[in-house]
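In: based on what follows, work out the 3D shape:
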Amino acid sequence: MELPFSKIQGCGNSFVVVQERDLPEYGIRSLGGWSEERKEKLAEEVCHGGRGLGADGFFVVAAHWNSATEGLDPRVVPLDRLIVDMRNPDGGPMGMCGNGVRCVVRAAYRWGWLMPNPVTVSIGNLSVDCVTADEGRNVQVAMGAPRFEPASVPLLSETSLRGDEVSLGGRLRRVWALSMGNPHCIVLDEGEDLRVIGPIIENDPLFPHRTNLELLTPVSRRRISVRVWERGAGITQACGTGACAAAVVSIEQGICDSPVTVCMPGGELTVSWDGSRGVYLTGPAQEIASGLMTIPGLIEFGGDGLSQGGLQR
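Out: From the prediction side, this is the model:
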């Protein structure tokens, strides 16, 4: 079976984006549909650099109408919101993804879908509003408020970590732990090898759901530099929620003033935060490729097994 796809990148984070209607019975909005194992296998294969298209994530997108039956054509009937199943390269659920949300908006415009502006994008129980003036080439995302409470991160600690010294990665470090819809650990960048420290901190028992890691370097009152290790993905070129988390810490600590330009290996993002309300993330999204991929066996309805064969680029 051939599956249409778009591959979109935001600051070097690349994602393969498909429409739910091309995956019959996948099941984003209902309890039925594919098993979790089957969804994980599909995402893992698509994101694999050798067997698949190679990506930092796999997204299945559905159009939603608030007061109409599903099954309408979003190229004809304007939709009310986008609903997305976001997956890491290891197949696990991604949670919120700031770069990914912008890429989803760009993909929907490329598909010719009719949408309000701002458009709401829902991932699980989280929703964000996205504004664009150029059909998704640049998107501002209202990311919501940062959460430092241990239960929100989540974090195995009786108190929040906002620059506290804790034993992490084999030694004492000043640590900031917060959620931007997914867990983030911020530490100052001391030049350590991210390939070594990244998986250690990601899987530290302090973070029961694992964590993303951002190594932060202040540059000026309006600029910071960040290196990223993403949960379930490893080293990536950028991370939208990570940029937000690092900027929030920089503003809260008095290191930077809003808005903050966050410099990552894949490019720059702009983060605004007034210190109390929601965080706004602004950045680009660009299509890399589109076409058909072939996944023999996986999306047949005879079972959840994955046959050999891989993807056609």
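In: what about residue 270, neighbour count?
Out: 17 (other C-beta atoms under 10 Å). For glycine as for every other residue, the C-beta is placed from the backbone atoms N, C-alpha and C.
In: for it, give me its contacts.
Out: For residue 270, the contacting residues are 259, 260, 261, 262, 281, 282, 283, by C-beta atoms under 8 Å, 6 or more residues apart in numbering.
In: need the buried ones from these selected in ChimeraX.
Out: Listed next is the ChimeraX selection for buried residues among the contacts of residue 270, using 16 or more other C-beta atoms under 10 Å:
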select :260,261,262,281,282,283
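In: let's see which of the contacts of residue 270 end up in strands.
Out: 260, 261, 262, 281, 282, 283 (DSSP state E).
In: reformat the residues you listed as CSV; add distance to residue 50.
Out: Formatted as CSV, the ones in strands among the contacts of residue 270 follow (distance: C-beta to C-beta, whole Å):
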residue, distance to residue 50
260, 37
261, 35
262, 31
281, 32
282, 34
283, 29
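In: just to revisit the earlier point, and which of the contacts of residue 270 is nearest to residue 129?
Out: Minimum distance to residue 129 across these is 11.6 Å, recorded for residue 281 (C-beta to C-beta).
In: could you give the bridge partners of that closest one?
Out: Beta-bridge partners of residue 281, counted by DSSP bridges, are residue 141, residue 271.
In: residues in contact with it?
Out: Contacts of residue 281 by C-beta under 8 Å, 6+ apart are 98, 140, 141, 143, 240, 243, 244, 269, 270, 271.
In: widest-spaced pair of those residues?
Out: By the measure C-beta to C-beta, these have their two most distant members at 140 and 243, which lie 13.2 Å apart.
In: so for those two, which sits in the more crowded spot?
Out: residue 243 (32 against 18).
In: and for residue 18, the neighbour number?
Out: For residue 18, the count of nearby residues is 21 (other C-beta under 10 Å).
In: wait, it sits on residue 55?
Out: No - between residue 18 and residue 55 there is no contact under C-beta atoms under 8 Å: 11.4 Å.
In: how is this protein carved up into domains?
Out: According to automatic domain parsing, the chain comprises the domains 2-144+286-294, 162-277.
In: now do the same end-to-end measure for the longest one.
Out: Think domain 2-144+286-294. Using C-alpha to C-alpha, to the nearest Å, the end-to-end distance of domain 2-144+286-294 comes out at 5 Å.
In: and the strand or helix carrying residue 59, how far out from the chain's middle?
Out: Secondary structure from DSSP states H and E places residue 59 in strand 58-64. A distance of 13 Å separates the centroid of the chain from that of strand 58-64, by C-alpha atoms, centre = their mean, to the nearest Å.
In: taking the mean pLDDT, what do you get for it?
Out: Averaging pLDDT along strand 58-64 gives 96.
In: just stretch 195-202 next, same as before
Out: Averaging pLDDT along stretch 195-202 yields 97.
In: show me where the stretch 201-313 of the chain has strands.
Out: Taking DSSP state E, counting those that start in this stretch as the criterion, the stretch 201-313 of the chain carries its strands at 212-220, 223-230, 234-236, 260-264, 267-273, 279-284, 286-294.
In: deepest-packed of those strands, please.
Out: Counting by mean count of other C-beta atoms under 10 Å, strand 260-264 has the highest mean neighbour count of the strands of the stretch 201-313 of the chain, with a mean of 24.
In: now the angle from that one to strand 279-284?
Out: Inter-element angle recorded for strand 260-264 and strand 279-284: 50 degrees (by axes from the mean of the first three to the mean of the last three C-alpha atoms, to 10 degrees).
In: strand 260-264 pairs with which strands, and in what direction?
Out: In its sheet, and by DSSP bridges, strand 260-264 pairs with strand 223-230 (parallel), strand 267-273 (antiparallel).
In: reformat those as TSV; add distance to residue 10 and mean pLDDT.
Out: Output for the strands paired with strand 260-264, formatted as TSV (distance: least, C-beta to C-beta, whole Å; pLDDT from 0 to 100):
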stretch	distance to residue 10	mean pLDDT
strand 223-230	13	98
strand 267-273	8	98
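In: contacting residues around the closest residue to residue 44 other than its chain neighbours?
Out: Excluding the flanking residues, the one nearest residue 44 by C-beta to C-beta, 6 or more residues apart in numbering is residue 91, at 4.2 Å. Counting by C-beta under 8 Å, 6+ apart, residue 91 touches 39, 40, 41, 42, 43, 44.
In: can you pull the pLDDT of residue 91?
Out: Per-residue pLDDT puts residue 91 at 94.
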